[in-house]
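1. could you work out the structure for the sequence below:
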Amino acid sequence: MARAKEPDLLEEMSGELDEDFDLLDGMEEDDSEGWVPTERGDGCQGVVLKIGETRSDFSDEMAPTVTIETRDGQKLRIIGYGAVLRREIQDNDPKPGDLFAVKYWGEKDIKRGKYAGKPYKHYSVAVKRQGGVHKV
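-> The predicted model follows:
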């Protein structure tokens, strides 16, 4: 049985695209640095440039990422590897153009449940949209 020819997506799209269209023209290098807090009270804020996901090196779970540009022009990438930061990012749902702030409160112990007594990293996130501050 003859195998069907795979469709050529570029050929299919050629009628829909302007002849001057070039994906490469819109690409920018991601030169952001990962934000890693070390002390209680460490924080950063800036305008959201990009939202994404990355696979954790520690599990198969995807971690949300928020890339911001600070007031002084530094580009930082906040990665929600830990459960608390992941949930804070997801609950606040930042979008490009929003003002995004994150603060690290240090390690705390889980109070109840099967993981009681185990430490976790505690964070807070706030997002300011055009209509005001969104804080969960």
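
2. so for the longest strand along the chain, mean pLDDT?
-> Here the longest strand in the chain is taken by residue count, with DSSP state E as the criterion, and it is strand 43-55. In this model, strand 43-55 has a mean pLDDT of 93.

3. can you tell me the element the spatially most central residue of the chain falls in?
-> Residue closest to the average C-alpha location in the chain (C-alpha atoms, centre = their mean): residue 65, at 1.7 Å. Under DSSP states H and E, the secondary-structure element containing residue 65 is strand 62-69.

4. give me the helices and strands touching that strand, please.
-> For strand 62-69, the contact count by 3 or more C-beta pairs under 8 Å, 6 or more residues apart in numbering; DSSP states H and E identifies strand 43-55, strand 75-79, helix 83-92 as packing neighbours. C-beta coordinates here come from the backbone N, C-alpha and C atoms, glycine included.

5. which residues sit against the last one?
-> By that I understand helix 83-92. Outside of helix 83-92, the residues that reach it under the criterion C-beta atoms under 8 Å, 6 or more residues apart in numbering are 63-64, 66, 78-80, 100, 102, 120-127, 134-136.

6. still on that earlier bit, make a markdown table out of the helices and strands packed on strand 62-69 and add distance to residue 31 and mean neighbour count.
-> Output for the helices and strands packed on strand 62-69, formatted as a markdown table (distance: least, C-beta to C-beta, whole Å; neighbours: other C-beta atoms under 10 Å):
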| stretch | distance to residue 31 | mean neighbour count |
| --- | --- | --- |
| strand 43-55 | 11 | 15 |
| strand 75-79 | 6 | 19 |
| helix 83-92 | 21 | 18 |
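
7. for residue 29, find the nearest of the ones you listed.
-> strand 75-79 (10.2 Å; C-beta to C-beta).

8. tilt between the closest one and strand 62-69?
-> Angle between the axes of strand 75-79 and strand 62-69 is 160 degrees (criterion: axes from the mean of the first three to the mean of the last three C-alpha atoms, to 10 degrees).

9. identify the residues contacting strand 75-79?
-> Looking at what lies outside strand 75-79 - C-beta under 8 Å, 6+ apart - the contacts are 30-35, 44, 46, 49, 54, 63-70, 85, 89, 100, 102.
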